[in-house]
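Visitor: Predicted coordinates and the sequence they were generated for:
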Amino acid sequence: QVQLQESGPGLVKPSQTLSLTCTVSGVSITTKYYYWTWIRQSPKKGLEWIGYITSSGSTDYSPSLKSRCSISRNASKNQVTLQLTSVTPEDTGVYYCARDGLDTFYDYWGQGTQVTVSS
């Protein structure tokens with residue numbers, strides 16, 4: 001059974017870097033044609049696609065976040081990491097990791113982790 005679990009700090013100060021980890025079980029993140037995606041949700045913006053890393057390690061990001069965003073992976077730990085620099089209170093929300101792919105459409109999601117940006 002495929003499971004995704006997000007982890008990271010619940011509180012980040014403005015201007016700092018947010019780092020979140022998605023630990024995947026039940027499937028290797030290097031299995032072909034999957035996109036391991038980060039999505040966030042906030043009351044102001046609703047659901048917002050952040051970006052993904054593919055099974056081969058390619059990445060793509062939302063144009064609005066690209067300058068501050070980096071997604072990487074650790075294949076040995078089966079983990080995907082999101083880093084978001086220079087955070088502001090606008091980055092507050094629930095952050096999800098999810099699986100997308102050529103033959104799937106966001107078929108598995110983590111439970112989400114609340115991130116609050118505040119001094």
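Guide: Received, thanks.
Visitor: quick one: the strands in this structure?
Guide: 3-7, 11-12, 18-25, 34-42, 46-54, 59-61, 69-74, 79-84, 93-101, 108-109, 113-117 (DSSP state E).
Visitor: Can I get those in TSV including mean neighbour count and mean pLDDT?
Guide: Every C-beta, even on glycine, is put in place using the N, C-alpha and C of the backbone. What follows is the strands of the chain, written out as TSV (neighbours: other C-beta atoms under 10 Å; pLDDT from 0 to 100):
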stretch	mean neighbour count	mean pLDDT
strand 3-7	16	98
strand 11-12	16	97
strand 18-25	19	98
strand 34-42	22	97
strand 46-54	18	97
strand 59-61	16	97
strand 69-74	17	98
strand 79-84	20	98
strand 93-101	21	97
strand 108-109	16	97
strand 113-117	17	97
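Visitor: Report the beta-bridge partners for the residue sitting nearest the centre point of the chain.
Guide: Centrality entry for the chain: nearest residue to the mean C-alpha point is Trp38, 2.8 Å, by C-alpha atoms, centre = their mean. For Trp38, the beta-bridge partners are Gly51, Cys97 (DSSP bridges).
Visitor: got a list of what it touches?
Guide: For Trp38, the contacting residues are Leu20, Cys22, Ile50, Gly51, Tyr52, Ile71, Val80, Leu82, Tyr95, Tyr96, Cys97, Ala98, by C-beta atoms under 8 Å, 6 or more residues apart in numbering.
Visitor: Skipping adjacent residues, who's closest to the second one in space?
Guide: Residue nearest to Cys22 in three dimensions, not counting chain neighbours: Cys97, with 3.4 Å by C-beta to C-beta, 6 or more residues apart in numbering.
Visitor: Could you measure from the one you found over to Ser28?
Guide: Cys97 sits 15 Å away from Ser28, going by C-beta to C-beta, to the nearest Å.
Visitor: again with Val117
Guide: 33 Å.
Visitor: same question, Ser56
Guide: Using C-beta to C-beta, Ser56 is found at 12 Å from Ser28.
Visitor: So which of those two has more stuff around it?
Guide: Ser28 (12 against 9; other C-beta atoms under 10 Å).
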